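> Model the following, please.
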Amino acid sequence: MLNDIEIIEEPDDSLKESYVRDVFFVAINCGKLLLESGAETYRIEDTMMRISNTYGISNPQVFVTPTVIIFSMNEHSLTQTVRIDERANDLGMVDVINNLSRDIARGLPIKSAIRKIEKIHDALVFPFWLMVLSGGMTAFMFLLLFDGSVADLPAAAFGGALGVFIMESILRFTRVKFFTEFFASFFIAVTSFLYVQYGPGLNMDLIIIAAVMPLVPGVLITNAIREMIRGHLLAGVMKGTEAMLTAFAIGAGVALIFMLI
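Numbering: from 1, shown residues only. Next comes the predicted model:
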């Protein structure tokens, strides 16, 4: 249990404006972090509404798309639109914000919530080397899952790590995602071809399939389906289209190698 939890009381009139702005700050930053981390739009709207209601703000209005948050506290003349340009799949961050939301529901004071938000903002993202290593390990495990040959394991692991390395490196210079997946899958296919053609590799297809798995937009596809089921048709269609284009880019990069050979 948190040591600084206390019962939330209605603030004095002299502190009312400051208090409302603090609640607005916490709610909209929680929503922003969730959207940047790939959370579903209905989860974001529900979290922001719950935070506002817990702190005594009535009639808040939230509208979220995969790229924009519009948040209003109508009775206090507060409205803000936040555009999200960079998004990723960070389920760890989603879990952190969910836990913060639960702490708020249990009575976390507004000032403590602000301090937690600031700490989350200052937290380090996963280091680059860890993401590359995770890509290699993921491809390694998928090749075992597909009952691949032991001789193909090094190529699958190297290809998975190479794909993540290329994708994350390009994203540091440009946010045009679909080119990153295209070039990553292209070089994965090149590596797999060379390993089978001039090395001990046995099954080029399985190596490529395992190595591109870290690039596959699995979370995006799942979220698109969940959005559609929950009735958020705009978000569902947008995420489904993004997943389709990402899958097309991956397939095009691999197909180009098969065309050349």
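> contacts and neighbour counts: CA atoms only from here.
Will do.
> So which bits of the lowest-mean-pLDDT helix or strand in the chain are buried?
Of all helical and strand segments in the chain, the minimum by mean pLDDT, DSSP states H and E falls on helix 110-122, at a mean of 85. For helix 110-122, burial by neighbour count (16 or more other CA atoms under 10 Å) applies to 110, 113, 114, 117.
> how many other residues sit next to residue 86?
11 (other CA atoms under 10 Å).
> How about it, nearest residue that isn't a chain neighbour?
Distance criterion CA to CA, 6 or more residues apart in numbering; nearest residue to residue 86, sequence neighbours excluded, is residue 36 at 6.4 Å.
> Can you name the residues that contact the one you found?
By CA atoms under 8 Å, 6 or more residues apart in numbering, the contact list for residue 36 reads 84, 86, 87, 88.
> So how do I select the buried members of those in PyMOL?
This is how PyMOL selects the buried members of the contacts of residue 36, with burial counted by 16+ other CA under 10 Å:
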select buried, resi 87
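> ok so, going back, need the contact partners of the least confident helix or strand of the chain.
4, 22, 23, 25, 26, 29, 30, 55, 100, 104.
> residue ranges for the helices of this protein, please.
16-36, 41-54, 91-105, 110-122, 128-145, 153-171, 177-198, 204-212, 218-229, 233-260 (DSSP state H).
> Let's have the ones you listed in JSON lines, adding distance to residue 78.
What follows is the helices of the chain, written out as JSON lines (distance: least, CA to CA, whole Å):
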{"stretch": "helix 16-36", "distance to residue 78": "8"}
{"stretch": "helix 41-54", "distance to residue 78": "13"}
{"stretch": "helix 91-105", "distance to residue 78": "21"}
{"stretch": "helix 110-122", "distance to residue 78": "18"}
{"stretch": "helix 128-145", "distance to residue 78": "39"}
{"stretch": "helix 153-171", "distance to residue 78": "35"}
{"stretch": "helix 177-198", "distance to residue 78": "34"}
{"stretch": "helix 204-212", "distance to residue 78": "45"}
{"stretch": "helix 218-229", "distance to residue 78": "28"}
{"stretch": "helix 233-260", "distance to residue 78": "25"}
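> Go through those helices and name the closest to residue 66.
Between residue 66 and the helices of the chain, the shortest separation by CA to CA is 6.1 Å, and it involves helix 233-260.
> tilt between the closest one and helix 177-198?
Counting by axes from the mean of the first three to the mean of the last three CA atoms, to 10 degrees, helix 233-260 points 30 degrees away from the direction of helix 177-198.
> could you say what helices and strands helix 233-260 packs with?
helix 177-198, helix 218-229 (3 or more CA pairs under 8 Å, 6 or more residues apart in numbering; DSSP states H and E).
> Residue 92 and residue 137: what is the separation?
As judged by CA to CA, to the nearest Å, residue 92 and residue 137 stand 19 Å apart.
> Got the phi and psi for the most centrally placed residue in the chain?
For the chain, the residue nearest the mean C-alpha position is residue 89 (2.0 Å; CA atoms, centre = their mean). Backbone torsions for residue 89, taken as degrees, to the nearest 10, come to phi -110, psi 90.
> OK, contacts around it?
Residue 89 touches 37, 38, 39, 219, counting by CA under 8 Å, 6+ apart.
> so the third one sits right up against residue 93, yeah?
No. Taking contact to mean CA atoms under 8 Å, the distance of 9.3 Å between residue 39 and residue 93 leaves them out of contact.
> Would you mind telling me which of these two has the busier surroundings?
residue 39 (25 against 18).
> Might you report the residue contacts of that one?
By CA under 8 Å, 6+ apart, the contact list for residue 39 reads 89, 91, 94, 223.
> so which of these comes closest to residue 169?
Nearest to residue 169 among the contacts of residue 39: residue 89, at 16.6 Å, using CA to CA.
> follow-up on the earlier one: of the contacts of residue 89, keep whichever come out buried.
37, 38, 39.
> From residue 97, how far off is the last one?
So the one you mean is residue 39. In terms of CA to CA, residue 39 sits 10 Å off from residue 97.
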